[in-house]
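Asker: compute the structure for the input listed below.
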Amino acid sequence: MTDAEAARDAPRYVGAIDQGTTSTRFMVFDHDGAEVGRHQLEHDQILPRAGWVEHDATQIWDRTREVVAGALASTGLTHADLAAVGVTNQRETTVVWDRRTGQPYLNAIVWQDTRTADIAAQVTADGHADLVCDRSGLPPAAYFSGGKIRWVLENVEGVREDAEAGHAVFGTTDTWLLWWLTGGPDGGIHVTDVTNASRTMLMDLRTLDWDDDLLEVFGVPRLMLPEIRSSSEVYGHTRADGPFGGEVALAGDLGDQHAALVGQVCFEPGQVKNTYGTGNFLVLNTGTEIVRSQHGLLTTVAYRFGDAPAVYALEGSIAVTGSAVQWLRDQLGVITDAAETETLAASVEDTGGVCFVPAFSGLFAPHWRPDARGAIVGLSRFNTTAHLARAALEAICYQSKDVVDAMVADACIDLRVLRVDGGVTANDLCMQIQADVLGAPVSRPVVPETTALGAAYAAGLAVGYWNDTDELVSNWRESKQWTPEWDDAQREAGHRQWTKAVQRTLDWVE
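Answerer: Numbering: from 1, shown residues only. Below you'll find the predicted structure:
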């Protein structure tokens, strides 16, 4: 075969499964990182009681099959057109299932779920907080998977016995999907990558392996846990009887925020991205150095490509940002569509003194206050729904500023530009407020779906579809940039009022 014939017959695209908090999608990208096609479906949000958030893991697998089939059908592609497929996922969400049957023992416990707050508090009360933080880079908190696994072992009958026998296994949704895509009960691989493992409170950041001391603290049998692999390598292949209809290399695996960092090509230490979704997630590349936070951030693995050294990051996780806009729509009926928020908020010059702190699940970084609850303060009879809508947008931006300030202090950096992605970045007013609040430019890329793109990049690198990260950097293009318009006095006054409002949310839950 000639070189020209080989090039013509080579797979032309890379695919990415993006399994998120509210939906699952499959996207196809070309060599320039441009989107070729997609299909996306939502799944149920199950709220059995206050503070509990669950997903049906079997429904997520069903949706995954549907979106793969839908995207391939709409583009006229088959498995043979794909060089590889990557997976990216909502992190910390915990699935425990029987490897013999593929049946989950219970609904997946979502990262937003707070039922394990008592477990986190007990770990701290027992004197293990320093150990957990030193080894895993994470404080004991309900957010992470380790406590969720312990809750299942302690509260679901028969799971501990099955786990100790090697039947009950754990995975975040990447592991769950990779297991099914490679055969499920019939030889499915049980793996995760370093980024997802770094969000469990069970992995040692230095060894990149499960830590026996941490397993003992949380009472988790090692037999339950998947093998930890890099973020970019061939883990296995899809099956002919699966949604792809043939063999495709599964070669990329990244937690969603790490995938967005890769999709934003933040490969240099000091580069920062902010993803605006259900929550906000700021990630700062710190290179191959593990930087310990003194200001309430998380130390985590950014990514690891093949056998190269792991790259680390500081992260600030904010629980409620875009979902605050959903709350205005679904619970209050203030708007009928999320896009209306911009028009409504733009109809007033400011919030009229209103501050909205959406601490529905407590406050995450940099405060880490599970006792906090949402508050709307500063109300007068003058205020309207427009002021509330604008306050919701400002809440997104001020929460992000708090995390950026912590990053600047921890890493001793100057924020030159904030790269942004996610659904809320379509709201021009919100992005302008973000630049104003930060006092720094905000930059949005041409391809806004950086989470899926990052998973595709990781998979493509593993199989040689892209030669190196320089090729990925050359793909990045800016779509729009917002520059600050506020002066320093306005910026300082706004943040001072926000800080007062945050204080009003504390000590609500005893």
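Asker: any stretches of the protein with poor pLDDT?
Answerer: 1-9 (pLDDT under 70).
Asker: go through it and flag its longest helix.
Answerer: helix 385-411 (DSSP state H).
Asker: spit out the contact partners of Gly316.
Answerer: Taking CB atoms under 8 Å, 6 or more residues apart in numbering as the contact definition, Gly316 lies against 281-282, 296-298, 364-366, 402-404, 406-407. The C-beta positions use only the backbone N, C-alpha and C, and glycine is treated the same way.
Asker: what's the answer for Arg329, then?
Answerer: Applying CB under 8 Å, 6+ apart, the residues near Arg329 are Ile335, Thr336, Asp337, Ala338.
Asker: can you confirm it is in a helix?
Answerer: Yes. Counting by DSSP: H, G, I helix; E, B strand; the rest coil, Arg329 is part of a helix.
Asker: what distance do you get for it to Thr336?
Answerer: In this view, Arg329 and Thr336 are 7 Å apart by CB to CB, to the nearest Å.
Asker: kindly report the same for Phe218.
Answerer: From Phe218 to Thr336 the distance is 44 Å (CB to CB).
Asker: now do the strands in the stretch 1-150 of the chain.
Answerer: 13-19, 23-29, 35-42, 54-55, 82-89, 95-98, 108-109 (DSSP state E, counting those that start in this stretch).
Asker: those strands: which one's closest to Val152?
Answerer: strand 95-98 (5.0 Å; CB to CB).
Asker: and for that closest one, what's in contact with it?
Answerer: Outside strand 95-98, the residues that reach it (CB under 8 Å, 6+ apart) are 57, 103-106, 108, 149, 152, 156, 159, 162, 167-173, 175-176, 224.
Asker: so Glu216, which of the three states?
Answerer: State at Glu216, reduced to three classes by three-state DSSP: helix.
Asker: where do the helices sit along the stretch 401-510 of the chain?
Answerer: Secondary structure of the stretch 401-510 of the chain (DSSP state H, counting those that start in this stretch): helices located at 428-438, 450-462, 469-475, 488-504.
Asker: and the ones you listed: which comes nearest Ile396?
Answerer: helix 428-438 (6.1 Å).
Asker: and the angle for the closest one with helix 488-504?
Answerer: In terms of direction (axes from the mean of the first three to the mean of the last three CA atoms, to 10 degrees), helix 428-438 departs from helix 488-504 by 100 degrees.
Asker: which helices and strands does helix 428-438 pack with?
Answerer: Judged by 3 or more CB pairs under 8 Å, 6 or more residues apart in numbering; DSSP states H and E, the packing partners of helix 428-438 are helix 340-346, helix 385-411, strand 418-421, strand 442-445, strand 478-482, helix 488-504.
Asker: now with 10 Å?
Answerer: strand 272-276, helix 340-346, helix 385-411, strand 418-421, strand 442-445, strand 478-482, helix 488-504 (3 or more CB pairs under 10 Å, 6 or more residues apart in numbering; DSSP states H and E).
Asker: follow-up on the earlier one: and the contacts of strand 95-98, which of them are in helices?
Answerer: Among the contacts of strand 95-98, the members falling in helices (DSSP H) are Ala57, Ile149, Val152, Val159, Asp162, Thr173, Thr175, Trp176.
Asker: Phe218 and Thr336: which is more packed in?
Answerer: The residue with more neighbours, out of Phe218 and Thr336, is Phe218; 23 against 8, by other CB atoms under 10 Å.
Asker: can you pull the contacts of Gln294?
Answerer: By CB atoms under 10 Å, 6 or more residues apart in numbering, the contact list for Gln294 reads Ala406, Ala409, Asp410.
Asker: and the second one, how close does it get to Ala10?
Answerer: This points to Ala409. 48 Å.
Asker: tell me which residues of stretch 190-209 are tucked away?
Answerer: Across stretch 190-209, burial judged by 16 or more other CB atoms under 10 Å covers 190-205, 208.
Asker: pretty sure Ala121 sits against Pro140.
Answerer: Yes. Assessed by CB atoms under 10 Å, Ala121 is found in contact with Pro140 at 7.6 Å.
Asker: okay, and the common contacts of those two?
Answerer: Joint contacts of Ala121 and Pro140 (CB under 10 Å, 6+ apart) are Ala129, Gly147.
Asker: hmm, Glu233 is touching Arg304, no?
Answerer: Yes. Counting by CB under 10 Å, Glu233 touches Arg304, with 9.2 Å between them.
Asker: those two - which one has more neighbours?
Answerer: Neighbour count, other CB under 10 Å: between Glu233 and Arg304, Arg304 has more, with 25 against 22.
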